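# Build the 3D model from these lines:
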Amino acid sequence: MKESEKIILKGKLNTYIKWPLLGTLFFVMLTIFVFPVDALAGMIVMVFGLIYFCVSLIIMEKFKADMTESLIGFASAYSQVQKKMLKNLDVPYALLDETGRIIWGNKLIEKIFPDAVRDRDNIIALVEDEKDILDFGEKNKTETEIVVDDKTYKVVFKPFDMNSVINGAKDCDLDEKTDMVGMYLYDISDYKAVETKLKDDQVIFGHIYIDNYDEVFQNIETAKRVVTTGVIDRKIAHYFGKYDGVVRKIDNDKYFIMTKAKHMSSLQSDKFSILDEVRESGQKSNIDATISIGLGMGSETLAGSVELANMSIDLALGRGGDQAVLRDGNKVYYYGGKSKSVEKNTKVKSRIKATAFRELLLDKEEVYIMGHHIADNDAFGAAIGFYRIAKTLGKPAHIVIGEYTNSVKPLVKYFNDSEDYEEDMFLSGGKALDKITKRDILIVVDCSSASYSEEPKLVNRAQAKVVIDHHRQREDVIDDANLTYIEPSASSACEIVTEIMQYTNEVVKLTAKEADTMYAGILVDTNNFTRRVGSRTFESAAYLRKKGADVANTNNLFRNDIEDYKAKADTISNTEIYKDRFAIAVCEAKNVESPTVVGAQVANDLLTVKGVKASFVLTPYGEQVYISARSVDNINVQVLMEEFDGGGHMTLAGAQVKTTKVEDVEKDLKKLISKKIKDGDL
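Reported below is the predicted structural model:
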């Protein structure tokens with residue numbers, strides 16, 4: 001039997017072939033109408049109808065096989081044409097099974113992946129392990145990009161159902177329920193080249209500031225100042241000239257620069273060595289001269305790029321200077337930061353901020369003051385200082401506080417028990433959220449990030465905000481504050497508040513206990529005036545002493561009990577010296593009231609060990625691990641702590657890691673130190 005005889009025609013084609021037979025119905029109807037009128041005529045019509053039916057049936061049966069065979073031949077030829085056209089399609093094309101295995105590919109795909117098509121490899125290896133690309137459950141078109149032989153291709157996947165196609169395919173190893181995937185490759189190399197060129201030719205704006213110009217050069221004779229600044233000018237111009245940059249000096253201590261984005265990778269690889277060049281040239285002349293660089297890129301507009309550059313230089317200065325900050329859209333990169341902040345001898349900035357602060361408070365109804373989570377003496381002392389300023393200006397004031405260190409407890413108890421203070425002097429974060437209105441003001445002290453504050457929701461709720469901090473600025477600083485005063489060269493937040501207190505144009509009458517509290521804040525952050533101390537620190541301490549601060553009473557706050565000593569001794573005895581100069585310890589401190597304070601004390605003590613350049617104490621507390629980091633010389637522990645979403649100063653920093661596994665944090669810390677050493681940053 002012929003193959004064509006096995007095929008049964010259906011649908012419209014079957015109707016078209018049988019159409020002549022439908023003419024028989026005409027003769028039947030005609031016979032019915034004619035026969036009653038004339039029997040002979042009816043018989044004749046019936047005979048002609050039978051003859052027509054027989055002839056039509058014979059013709060249909062005779063040509064059906066030939067027609068089917070012709071159709072099969074046409075379909076086969078058409079299929080071959082389609083296959084040939086697909087094989088020679090100008091777009092690389094392949095068929096994949098649902099696991100990503102290549103089933104078939106045309107000539108162009110074979111040129112791109114010759115071995116993969118021949119061996120029926122899995123496409124997952126060819127799309128850089130993007131396994132999610134092959135998740136075709138929703139039958140949606142998916143795309144990705146790959147690079148092959150220096151050419152970039154856009155890969156488009158189009159899943160389709162094979163249930164109706166696969167039937168009868170004898171040479172295919174798929175079953176009827178298996179889906180197939182069409183893969184198209186589009187060469188977008190030229191598009192990418194143009195895109196890259198446009199991106200490389202993007203203009204990058206930046207600022208360069210000589211750090212603390214007035215303080216550095218105020219006592220230097222004019223001739224030496226001109227020579228030194230001239231050297232800095234030439235070094236900056238020569239350095240950025242190597243990267244096709246344009247430098248324009250716009251003030252004695254300010255420069256505006258422009259370069260192209262294609263040079264940024266080279267500048268980043270070089271880690272902005274101009275920072276080291278300027279610092280070293282200044283040291284040769286016995287001048288503590290450093291520069292700060294702020295660059296902005298990633299914006300679609302020139303104005304946006306300039307704004308990013310402005311934000312970058314502000315961040316570089318807020319972090320203490322002697323560093324470069326590159327802001328690429330929302331990403332921020334830091335380089336340098338190897339010098340300590342130069343103390344500002346002038347108090348002009350403090351006076352200006354104090355005046356602006358006074359005007360803000362006078363326009364508000366109530367004042368809310370908040371420090372960081374687990375308030376220490378500096379945060380609490382600064383809050384007390386602003387509390388007294390607010391009361392002096394006749395404003396109701398509240399201090400938002402939750403947990404606090406052991407040395408703060410007797411101070412809180414004193415203010416709570418004293419009849420001279422209101423019952424609502426201290427509020428929890430929840431109560432403050434309920435009470436604060438749009439007519440009130442929030443002052444955040446000793447931290448500049450909402451996430452580190454006692455009640456982050458309160459920062460969002462407050463309509464008017466003031467931020468006062470002495471830590472190096474982070475990129476997540478509260479950026480919508482009405483007034484921000486971040487001074488990294490200050491020893492403590494209490495030092496800043498003490499200076500503001502003296503310029504509010506009001507006589508602020510501190511009580512002796514309030515002076516003790518603020519003095520304690522300075523003591524804690526300077527480690528009893530041994531670290532991060534400047535002339536203005538002693539001036540602030542002297543002012544507080546005049547207001548009644550008792551040194552003996554303050555020192556009593558920091559006396560440790562026997563359990564604290566035992567915890568410190570256990571921690572120090574188990575300290576590991578990593579890489580010959582980094583002390584790493586875990587402070588369990590299970591039987592002490594303030595484990596984080598003990599950890600910080602141990603970190604300070606470990607710096608007295610000969611050969612130790614930096615110390616890190618990890619203290620598990622609650623659901624977090626607190627890291628206390630301290631350093632000497634040019635080790636910047638702030639940069640290390642920022643990797644753990646922390647911050648601080650160059651020589652004093654910390655972080656809070658949300659985990660209960662202290663060993664994991666220790667491993668991550670060691671990996672980070674090793675990486676920084678390998679990269680030449682430590």
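# what helix or strand is Asp244 on?
Using DSSP states H and E, Asp244 falls within no helix or strand.
# again with Ser305
Assigned by DSSP H and E, Ser305 belongs to helix 302-318.
# what residues does that helix touch?
Here helix 302-318 makes contact (C-beta atoms under 8 Å, 6 or more residues apart in numbering) with 203-207, 209, 211, 292-299, 323-327, 329, 332, 472-473, 475, 477, 486, 488. From N, CA and C alone the C-beta is placed, and that goes for glycine too.
# Could you pull out the buried residues of stretch 102-113?
By 16 or more other C-beta atoms under 10 Å, the buried positions in stretch 102-113 come out as Ile102, Trp104, Gly105, Asn106, Leu108, Ile109, Glu110, Ile112, Phe113.
# And the fourth one, how far from Asp90?
Using C-beta to C-beta, to the nearest Å, Asn106 is found at 10 Å from Asp90.
# Mind listing the shared neighbours of those two?
When contacts are counted by C-beta under 8 Å, 6+ apart, the set common to Asn106 and Asp90 is empty.
# sorry, back to before: could I get the buried residue list for the helix holding Ser305?
Across helix 302-318, burial judged by 16+ other C-beta under 10 Å covers 305-306, 308-318.
# After it, heading C-terminal, what element do we hit next?
As assigned by DSSP H and E, the chain's next helix or strand after helix 302-318 is strand 323-328.
# so what secondary structure elements neighbour the helix or strand that comes right after that next one?
The helix or strand immediately downstream of strand 323-328 is strand 331-336, counting by DSSP H and E. Packing partners of strand 331-336 (3 or more C-beta pairs under 8 Å, 6 or more residues apart in numbering; DSSP states H and E): helix 274-284, strand 323-328.
# Columns secondary structure, pLDDT and distance to Asp525 on top of the buried residues of stretch 102-113, output as CSV?
Shown next, in CSV, are these (DSSP: H, G, I helix; E, B strand; the rest coil; pLDDT from 0 to 100; distance: C-beta to C-beta, whole Å):
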residue, secondary structure, pLDDT, distance to Asp525
Ile102, strand, 75, 65
Trp104, strand, 76, 72
Gly105, strand, 76, 68
Asn106, coil, 78, 71
Leu108, helix, 78, 68
Ile109, helix, 76, 66
Glu110, helix, 75, 70
Ile112, helix, 77, 63
Phe113, coil, 76, 63
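# As JSON lines, those residues with distance to Asp378 would be great.
Shown next, in JSON lines, are these (distance: C-beta to C-beta, whole Å):
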{"residue": "Ile102", "distance to Asp378": "65"}
{"residue": "Trp104", "distance to Asp378": "71"}
{"residue": "Gly105", "distance to Asp378": "68"}
{"residue": "Asn106", "distance to Asp378": "71"}
{"residue": "Leu108", "distance to Asp378": "69"}
{"residue": "Ile109", "distance to Asp378": "67"}
{"residue": "Glu110", "distance to Asp378": "70"}
{"residue": "Ile112", "distance to Asp378": "64"}
{"residue": "Phe113", "distance to Asp378": "63"}
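# Pull the number of nearby residues for Tyr239.
Neighbour count for Tyr239, taken as other C-beta atoms under 10 Å: 20.
# For it, which non-adjacent residue is spatially closest?
In space, and not counting its chain neighbours, Tyr239 is closest to Ile274: 4.3 Å by C-beta to C-beta, 6 or more residues apart in numbering.
# Return the distance of the one you found relative to Glu280.
In terms of C-beta to C-beta, Ile274 sits 11 Å off from Glu280.
# Neighbour count: those two, which is higher?
Neighbours per residue (other C-beta under 10 Å) separate Ile274 from Glu280, with Ile274 holding more: 21 against 11.
# Now do the SS call for Arg439.
With DSSP: H, G, I helix; E, B strand; the rest coil as the basis, Arg439 sits in coil.
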